[in-house]
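**Q** build me a structure from this.
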Amino acid sequence: MKIKIYFFGKGNEITEWEKTHLQRIGYRVPIETLALSQAGLKDKALNLNKEGALLLKKIDPQDFVVALAETGKNLDSVEISQKIESAFETHGTVVFIIGGAFGLAPEVLNRANLKLSFGKAVWTRNLVRLMLLEQVYRSLEISAGSNFHKV
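**A** Purely as a prediction, here's the structure:
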């Protein structure tokens, strides 16, 4: 069991709050974050193509890939927990992908085993990363049967 989070940005933008979540998650399962260089191209198609190719090189064929996308499924915390637990059993590693300024390339979305949305609103990558870490932590606590999730 392992979790990886890929995002476009700088590694030093991980906040103290995110570090706290990473530490808490790390008690349950190994987790790593990987900041990828943004393509920085003004042409959307070229930008998506370049970033998509970079992402696809990082993903192993057996990984369970969760793409954060506006058009993804809106799941509650229990459903997310069930998806992650099932993915651990069948794939071992769960890879979460947060797109760049233009989102994710169609090839990346096609590779994804699950497209997950945090609503129709557009969020900054920093906020998405924090929301994702909160949901991953919550999911692991739900799977472990702890009292953290009170609904």
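**Q** okay, helices next: where are they in the protein?
**A** 16-26, 44-58, 77-90, 106-111, 125-144 (DSSP state H).
**Q** do you know how far the nearest residue in space to residue 4 that is not next to it in sequence is from residue 16?
**A** Closest residue to residue 4 apart from its sequence neighbours, by C-beta to C-beta, 6 or more residues apart in numbering: residue 95 at 4.7 Å. Every residue, glycine included, has its C-beta placed from N, CA and C. Counting by C-beta to C-beta, to the nearest Å, the gap from residue 95 to residue 16 is 24 Å.
**Q** now distance to residue 34, mean neighbour count and mean pLDDT too, for the helices of the chain, in CSV please.
**A** Formatted as CSV, the helices of the chain follow (distance: least, C-beta to C-beta, whole Å; neighbours: other C-beta atoms under 10 Å; pLDDT from 0 to 100):
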stretch, distance to residue 34, mean neighbour count, mean pLDDT
helix 16-26, 12, 15, 96
helix 44-58, 7, 16, 95
helix 77-90, 18, 16, 96
helix 106-111, 15, 16, 97
helix 125-144, 12, 19, 95
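**Q** among those, which is nearest residue 66?
**A** helix 77-90 (7.7 Å; C-beta to C-beta).
**Q** surely residue 91 and residue 66 touch.
**A** No. Using C-beta atoms under 8 Å, residue 91 is not in contact with residue 66; the gap is 10.8 Å.
**Q** more crowded one of those two?
**A** Remark: of residue 91 and residue 66, residue 66 carries more neighbours, 25 against 18, as counted by other C-beta atoms under 10 Å.
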